[in-house]
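Enquirer: What would the 3D arrangement of this be:
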Amino acid sequence: MAIGDVIVGIDIGSSKISAVIGEVNNFNQVEIIATAEAKCAGMKKLQIVSEDEVVISIRKVIEEIENTSNMNINSAYVTIPGKYVTIVQNSIVKEAKDKYSGISSKDVASSIMQIKDIDIPEDKILIDIIASEFFLDNGKSIEDPVGSLNGAFTVKGQVLLGDKDYIKQISGIFKKANLEIDGIVPNVLAERTLILDSNELNDNIMILDIGAGNTDIGVFNKETFIYTDTVPLGGDSITADIAYVFNITEEEADRLKRQYGLALKSFIDNDTDILLNTYKGEEKTKTIKSSELIEVIEARIEEIFSMVNKIISNEGIKANINNVVLTGQGITNINKSDVVGKITLNIPVKMSTGRAISTIRPTYRSAYALVRYIASRPFAKTVSSNIDAKTNTNIIRVVLERVKEFFYS
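Expert: Just a heads-up that it's a prediction; the model follows:
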């Protein structure tokens, strides 16, 4: 983490786009300079259905954070759904260039770059390299091998590949918005240290981020990023179900979902009557039972977990998952969602208790997590975005160097 680095993170969600500017302060913590969000109708079921709508929303959030921060933003990091990411595990044995002086930072940087030397399919593109574990030649695991008096070391890591067509589309959108892309990061990878507590960071964990339109899956074996994918269902799916079943507006459906948010009918204490205010049927009014409403919520939440269960079972990774952690605006206000998850997945499930998650408003959480993740990248020379400071007379470049193509330098 480099003191003074200014990082811009943009999260492209299913219904909105959010942006955060953060600066690494003297205490090596990320200090938020500005935040912004804008609704976006350009995404639907993980597909970009209107590039122009996405461009407009990106321009809105950038304009807002520029005005708040008194900066000109020229580049940013961006999130990517797990659906468009493939993880390839690789390991490299590296000899120290000078075995008498020990392992140098150049040795480590060179080994990390060598991790990417794999056969990349034509429809994929390299988006990142992660060094997850280092081992000295005596087999000892070490967080940072620099300075160790060893003749060789092994680095284990992950090569992250992105869907070429999606990356091309996102790059074109950013170009239209007059921005360059500093790097592309999977949602759950960025959110990991924000969502998990210290014990969970060292466990075999699956993160389920249930947002408005999608559910992102992230599976970690301690520090090793194992798998990611996306289910095209989320909190908006529940709202749409309620609106359809009871023939009411989505606005009322969303209000009822939040007011009576419960994921299991068996936990109802009092099966109250609910008067529907926007019922569209021939009758002027209609009343339902709260149990009927909760039954609809339960069915969709169970479906989301069932789809996740099918994915991790087919991938052969379910047996290695010890715990599941839930997060996301689509699920956090619905009580007993963790119980439905435990029943469906047959794995312990809990809501996120990571202390860092309470430090930021939910609407900016993914963008903020992205900034924190970038700021904490080890062995990176600089992670600054390309920022200009606004003055009355001219524009002064304040960032000396930024990471290109998101690789270590």
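Enquirer: For Asn25, give me its contacts.
Expert: Ile3, Glu31 (CB atoms under 8 Å, 6 or more residues apart in numbering). Backbone N, C-alpha and C define where each C-beta goes, glycine included.
Enquirer: What confidence value was assigned to it?
Expert: Note on Asn25: pLDDT of 86.
Enquirer: how near is Gly218 to Ile294?
Expert: Going from Gly218 to Ile294 by CB to CB, to the nearest Å gives 29 Å.
Enquirer: from memory Val78 sits against Ile173, does it?
Expert: No - using CB atoms under 8 Å, Val78 and Ile173 do not qualify as a contacting pair, with a distance of 9.5 Å.
Enquirer: Give me the pLDDT value at Arg355.
Expert: 73.
Enquirer: Please name the nearest non-neighbouring residue to it.
Expert: Nearest non-adjacent residue to Arg355, counting by CB to CB, 6 or more residues apart in numbering: Asp197, 6.9 Å away.
Enquirer: same thing with Thr68?
Expert: Per CB to CB, 6+ apart, closest to Thr68 is Ala34, 3.9 Å.
Enquirer: Name every strand pairing with the helix or strand that contains that neighbour and say which way it goes.
Expert: Element membership for Ala34, per DSSP states H and E: strand 30-39. The sheet places strand 30-39 alongside strand 16-24 (antiparallel), with pairing taken from DSSP bridges.
Enquirer: related to what we said a few turns ago, since we're on the residue nearest to Thr68, how many residues are nearby?
Expert: Neighbour count for Ala34, taken as other CB atoms under 10 Å: 19.
Enquirer: Report the contact partners of the most centrally placed residue in the chain.
Expert: The centre of the chain sits closest to Asn187, judged by CA atoms, centre = their mean, with a distance of 1.7 Å. Under the criterion of CB under 8 Å, 6+ apart, the contact list for Asn187 reads Asp11, Thr79, Ile80, Pro81, Gly82, Asp209, Asp216, Gly218, Ser366.
Enquirer: Buried residues in stretch 345-362, which are they?
Expert: Leu345, Ile347, Val349, Ser352, Gly354, Ala356, Ile357, Ile360 (16 or more other CB atoms under 10 Å).
Enquirer: Any chance of CSV for the residues you listed, columns secondary structure and distance to Ile130?
Expert: Output for these, formatted as CSV (DSSP: H, G, I helix; E, B strand; the rest coil; distance: CB to CB, whole Å):
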residue, secondary structure, distance to Ile130
Leu345, helix, 26
Ile347, coil, 25
Val349, strand, 26
Ser352, coil, 22
Gly354, coil, 20
Ala356, helix, 20
Ile357, helix, 22
Ile360, coil, 23
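Enquirer: The helix or strand in which Ile7 is found relative to strand 16-24, how many degrees between them?
Expert: Under the criterion of DSSP H and E, Ile7 resides in strand 6-12. Angle, strand 6-12 to strand 16-24, by axes from the mean of the first three to the mean of the last three CA atoms, to 10 degrees: 160 degrees.
Enquirer: strands paired with strand 6-12, and their directions?
Expert: Counting by DSSP bridges, strand 6-12 is paired with strand 16-24 (antiparallel), strand 75-80 (parallel).
Enquirer: I'd assumed Ala369 was in a helix, is it?
Expert: Yes - when DSSP: H, G, I helix; E, B strand; the rest coil is applied, Ala369 is found to be in a helix.
Enquirer: Might you report the residue contacts of it?
Expert: Ala369 neighbours (CB under 8 Å, 6+ apart): Gly9, Ala190, Glu191, Thr193, Leu194, Ile195.
Enquirer: For the fifth one, which three-state class applies?
Expert: To tie it back to what came earlier, the one meant is Leu194. helix.
Enquirer: Quick one, grab the pLDDT at it.
Expert: 90.
Enquirer: do the same with Phe407
Expert: pLDDT, read off for Phe407, is 38.
Enquirer: Tell me which residues of the strand holding Ala34 come out buried.
Expert: Neighbour count says strand 30-39 has Val30, Ile33, Ala34, Thr35, Ala36, Glu37, Ala38 buried, by 16+ other CB under 10 Å.
Enquirer: which element follows that strand toward the C-terminus?
Expert: strand 43-44.
Enquirer: Not counting sequence-adjacent ones, nearest residue to Ile360?
Expert: Tyr368 (4.5 Å).
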